[in-house]
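> Predicted model and sequence below, questions to follow.
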Amino acid sequence: MANIKCTRIRKSYGGHTVISDLNLDISDHEFVVFLGPSGCGKSTMLRMIAGLEEISDGTVSIGGRDVTHLPPGERGVAMVFQSYALYPHMSVYDNIAFGLRRQKVPAEEIRRRVDQVSNLLGLGQLLERKPKNLSGGQQQRVAMARAMIKTPKLFLFDEPLSNLDAKLREKLRTEIRRMHLELKTTTIFVTHDQLEAMTIADRIVLMRAGAIEQQGTPSEIFDRPATRFVADFIGSPAMNFRECSVHVEGDRAELVSGSIRLKVPAKDYRDLVSGARVEVGLRPSKMDIAAEGDVNIISGTVVLIENMGSEGQVIVDVDGREMSFVTKAFRTIEAGQRINFSIDPDNIHIFSRDDGRSLLHAAA
Ligand SMILES: Nc1ncnc2c1ncn2[C@@H]1O[C@H](COP(=O)(O)OP(=O)(O)OP(=O)(O)O)[C@@H](O)[C@H]1O
């Protein structure tokens, strides 16, 4: 069992508090991603769970055992860092076997386990090489193998893919996910890359300034962002935001900004009263060229079309400000033309201008 429980965690450096009163539960076998902008405290949290960083206040337990004051070696965790930190003078085999040799595991057993993890990570042909003769991706695989061989209860990854190029990142991301499906070791993975988080996580813990802003499955976070901050952080291309005034008529509310008029069912949101001002968020990927019968139509002049392969991002000037939407039919559009695009009422996000919280009743 390797569930994790962080209770009322605080971390201060000198007089400066960087994590305050953070509570977090992670289930056995879960793959959790700590996501957030630079400096929000992701690595500090991970390092406190690993035991590499002292906790100023609060407790951490792993598998029901309070490990708050245990050294890293006694916590049953293995950590993979951004830098591979392999021993340059040792072969791949010796690098992977190093930890087990120190534990005086019999040579035969070491051979068996090195073979097992190196096959899992596609390192079987590279065992005699020195790290300097490996690519960055191969070196990171060796670092992962070295962590895995100890059969830890908990895997901690601190931005392990940051030094790799985009293609390799994608490949290793899939491998890490596959490895998790096979081994089911509870995993925490730190990244500031939202796409990486979306594709790899069972659950995303989105942090902001030392606190949890929202946690949930990638779909929950993407489809029902609890705050404007989350909505803005997740999704690429980024969400469009417009400040709108509210006009309520019966069971419908109209959100108005310049020429934009969007209708939503008023009962789905709290605090929608005539005269209120709100922040409205529209995801580019949830809009498309308007079709017959669409209700929420926005008109503007096409500024630019970005070809993304199978679809394109269309940047449109609406009342002197740019908005964007994504469409497969981008090849039919030209810069300078007038265009109507639309959004489904279910995909309109409304946030309070005071505290940035979503006004959707069903928001997390
Ligand atoms: N040893 C330290 N002494 C003082 N402040 C520190 C120390 N380590 C981290 N901090 C501060 O704690 C905060 C959280 O840092 P942390 O490295 O956990 O952020 P992060 O979310 O992992 O960021 P990044 O994605 O840039 O690595 C930052 O404001 C950072 O400046």
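Good, I have the coordinates. Numbering: from 1, shown residues only.
> contacts, neighbours, all on C-alpha from now
Fine.
> so how far is the ligand from residue 355?
Summarising the geometry, the distance separating residue 355 from the ligand, computed by C-alpha to the nearest ligand atom, to the nearest Å, is 22 Å.
> Am I right that that residue is in a helix?
No: read with DSSP: H, G, I helix; E, B strand; the rest coil, residue 355 is coil and lies in no helix.
> And for it, the neighbour number?
Other residues near residue 355 number 9, with proximity taken as other C-alpha atoms under 10 Å.
> which parts of the stretch 101-250 of the chain sit against the ligand?
Taking C-alpha under 6 Å from any ligand atom as the contact definition, the stretch 101-250 of the chain meets the ligand at residue 192.
> give me that answer again for 8 Å
190-192, 207, 209-210 (C-alpha under 8 Å from any ligand atom).
> Okay, now the unreliable bits of the chain?
Of all residues in the chain, those with pLDDT under 70 make up the ranges 1, 362-364.
> Could you find the closest non-adjacent residue to the spatially most central residue of it?
Within the chain, the residue whose C-alpha comes closest to the C-alpha centroid is residue 197; the distance, by C-alpha atoms, centre = their mean, is 2.8 Å. The shortest distance from residue 197 to any residue other than its chain neighbours is 6.1 Å, reached at residue 33 (C-alpha to C-alpha, 6 or more residues apart in numbering).
> Can you point out the buried residues in the helix or strand hosting the residue nearest to the centre of the chain?
Residue 197 belongs to helix 194-200 when elements are defined using DSSP states H and E. Using 16 or more other C-alpha atoms under 10 Å as the burial criterion, the residues of helix 194-200 that qualify are 194, 196-198, 200.
> TSV for those residues, including distance to residue 122?
Compiled in TSV, the buried residues of helix 194-200 are given as follows (distance: C-alpha to C-alpha, whole Å):
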residue	distance to residue 122
194	27
196	22
197	24
198	25
200	20
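> Of the residues of the stretch 101-250 of the chain next to the ligand, which belong to strands?
Members of these lying in strands (criterion: DSSP state E): 190-191, 207.
> and which of the buried residues of helix 194-200 is nearest to residue 55?
Of all the buried residues of helix 194-200, the one sitting nearest residue 55 is residue 197; the distance, using C-alpha to C-alpha, is 25.7 Å.
> how near is that closest one to the ligand?
Going from residue 197 to the ligand by C-alpha to the nearest ligand atom gives 13 Å.
> who's in contact with that residue?
Residue 197 is in contact with 33, 35, 191, 204, 218, counting by C-alpha atoms under 8 Å, 6 or more residues apart in numbering.
> Let's have those residues in a markdown table, adding neighbour count.
Shown next, in a markdown table, are these (neighbours: other C-alpha atoms under 10 Å):
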| residue | neighbour count |
| --- | --- |
| 33 | 28 |
| 35 | 28 |
| 191 | 23 |
| 204 | 27 |
| 218 | 22 |
